[in-house]
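Asks: here are the coordinates; sequence isn't available:
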């Protein structure tokens, strides 16, 4: 038990000063006798008696010293990152995923917590890359969560349950926030990507058009449909040789049948458009908004030359509607982008004129060849004038009844699809896939889809901030850690200090700051 000791020391000037200390006596086995350990020094006795009753002060400090002694004997049982699991599990609950999987657990009478196991797998996609075995053995220990005894084989059992209930889960996420007064999406973005395999062959894998520029590898094709907010609605995995238009047609049928979406408009970039694709869309009676190539597009000059006034959509977007032989086009113009492209061309031409005077070879530079006469070192001024007409402009073709403003803004929102696939592959680590059975490959992609859903849900809550991407979110959350300690026979969970950046993130997401200490 701690006790108070008066320690008198003689100073250099000859005066004696008495200090009040809290000490504890313990048995030192090394020397075989009792010793005293100073727990803390309270201050000078003369100063303390000036402030109040010494006995009262000493009693209060003895109580504090008892707690201090207990803390010195505290044992830490667990320590790990807490921020990612804290925030993402709150999102998991808000999205209704915990409630859904809890119902499935009870309905299927599963011997494990399906919601917990699937959340672990989704959390891994969001914060760490690697295999599920690696997560279970290593990374799982470094992230704080109430794991409650899930085993490795539960991961694979949960994946099988997940893929068997794919349609039910996606429809649940789609309809949970929609009622008679909530309109269904009028615009659905759809696109495909591919991911290839290393090593063993998958039952779904096949050779096809590779978006990863790896035609030497077998792959699978993945399609994702998004609503206007960029929230994932539906996804599918096909064999690697599946044709994009067949995948799109199948997706349209699912969205109209299972989801009841009355209107699906294909919004596609220039790289996906061809005469055959347009003819197919027209024959199927499907609506579309397509970006057309300025260079090499046979009607580009006709669209560019048509007279008419631009309508302002916003400061950086003007549109002019043009019809050519019954086909509807929109000529879009961005004044700021036009200025940037003009400055860039002037820099290229300055370098080009200099190299032409010096007689240097320019064949290997594609940027230079655009302005040269064929098989010549002379600058083609007509080509320069023609390129200047393209500055800040692009052409859209559509058969929808949307006004020009809606068409232009829908196409500008195509970045949402591009961002989705970039996050799937880079941020959420879709590849590598450590599975070779068809159902497990599909389940792995579904887990990435759920991780993407949570990520997009968070970004919508944050208001789509340009300064907050997924990587920054995870870095900020990892700064919040938690430890479980045992003091005097009782267990406490103690969090670390929360940096300002993490506080800002939690508050913008609408969640409070977690308490510093919790009693287990």
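Replies: Thanks, I have it. Values in this document were obtained by computation on a predicted structure and should not be read as measured data.
Asks: ok, the closest residue to residue 378 other than its chain neighbours - contacts?
Replies: Among residues not flanking residue 378 along the chain, residue 372 sits closest, at 6.8 Å (C-beta to C-beta, 6 or more residues apart in numbering). Every C-beta, even on glycine, is put in place using the N, C-alpha and C of the backbone. Residues in contact with residue 372 (C-beta atoms under 8 Å, 6 or more residues apart in numbering) are 352, 362, 378-380, 383.
Asks: residue 372 and residue 353, how far apart?
Replies: Remark: distance between residue 372 and residue 353 (C-beta to C-beta, to the nearest Å) = 12 Å.
Asks: what touches both of the two?
Replies: residue 379.
Asks: bridged to residue 79, which residues?
Replies: Beta-bridge partners for residue 79, by DSSP bridges, are residue 483.
Asks: surely it is in contact with residue 483?
Replies: Yes - in this structure, residue 79 is within contact of residue 483 by C-beta atoms under 8 Å, at 4.4 Å.
Asks: out of the helices and strands in this protein, which is least certain?
Replies: Within the chain, no helix or strand scores below helix 54-72, which has a mean of 57 by mean pLDDT, DSSP states H and E.
Asks: closest to residue 190 out of the contacts of residue 372?
Replies: Nearest to residue 190 among the contacts of residue 372 is residue 383, at 37.1 Å by C-beta to C-beta.
Asks: now that closest one. Its backbone dihedrals?
Replies: Here is the backbone geometry of residue 383 (degrees, to the nearest 10): phi -60, psi -40.
Asks: for it, which non-adjacent residue is closest in space?
Replies: Closest residue in space to residue 383, ignoring its immediate chain neighbours: residue 371 at 5.4 Å, by C-beta to C-beta, 6+ apart.
Asks: next, residue 260: secondary structure please.
Replies: Counting by DSSP: H, G, I helix; E, B strand; the rest coil, the backbone at residue 260 sits in coil.
Asks: now do the same for it: its pLDDT.
Replies: pLDDT for residue 260: 78.
Asks: phi, psi of it?
Replies: Main-chain dihedrals, residue 260, degrees, to the nearest 10: phi 70, psi 20.
Asks: please tell me how far it sits from residue 233.
Replies: Distance from residue 260 to residue 233, by C-beta to C-beta: 12 Å.
Asks: with neighbour numbers in mind, choose between these two.
Replies: Ranked by neighbour count (other C-beta atoms under 10 Å), residue 260 and residue 233 place residue 233 first, with 22 against 12.
Asks: tell me how far that one lies from residue 461.
Replies: Using C-beta to C-beta, residue 233 is found at 18 Å from residue 461.
Asks: what is the neighbour count of residue 3?
Replies: Neighbours around residue 3, by other C-beta under 10 Å: 14.
Asks: for it, name its beta-bridge partners.
Replies: Judged by DSSP bridges, the bridge partners of residue 3 are residue 23.
Asks: which helix or which strand is home to residue 110?
Replies: In this structure, residue 110 is located outside every helix and strand according to DSSP states H and E.
Asks: how about the contacts made by it?
Replies: For residue 110, the contacting residues are 104, 157, 161, by C-beta under 8 Å, 6+ apart.
Asks: surely the last one meets residue 104?
Replies: Same thing as residue 161. Yes - under the criterion of C-beta under 8 Å, residue 161 makes contact with residue 104 at 7.0 Å.
Asks: shared neighbours of those two, anything?
Replies: Counting by C-beta under 8 Å, 6+ apart, the common neighbours of residue 161 and residue 104 are 110, 114.
Asks: so these two - more neighbours on which side?
Replies: residue 104 (20 against 17).
Asks: out of everything not next to it in sequence, what's closest to that one?
Replies: Nearest one to residue 104, counting by C-beta to C-beta, 6+ apart, is residue 114 at 5.6 Å.
Asks: any idea how many residues pack against that neighbour?
Replies: For residue 114, using other C-beta under 10 Å, the count is 23.
Asks: can you pull the phi/psi pair for it?
Replies: phi -60, psi -40.
Asks: which SSE is residue 443 in?
Replies: Residue 443 belongs to helix 438-462 when elements are defined using DSSP H and E.
Asks: average pLDDT for that helix?
Replies: Average pLDDT, helix 438-462: 91.
Asks: what does stretch 160-180 give?
Replies: Average pLDDT, stretch 160-180: 87.
Asks: can you give me phi and psi for residue 492?
Replies: Dihedral pair for residue 492: phi -130, psi 150, per degrees, to the nearest 10.
Asks: and for residue 235?
Replies: phi -140, psi 160.
Asks: could you report the neighbour count for it?
Replies: 23.
Asks: close enough to count as contact, the residue nearest to residue 383 and residue 379?
Replies: Yes - with contact defined as C-beta under 8 Å, residue 371 and residue 379 form a contacting pair (5.6 Å).
Asks: now the helices for the stretch 201-350 of the chain?
Replies: For the stretch 201-350 of the chain, the helices defined by DSSP state H, counting those that start in this stretch occupy 244-257, 275-284, 300-305, 335-358.
Asks: for the longest one, packing partners?
Replies: Read that as helix 335-358. helix 366-369, helix 381-389 (3 or more C-beta pairs under 8 Å, 6 or more residues apart in numbering; DSSP states H and E).
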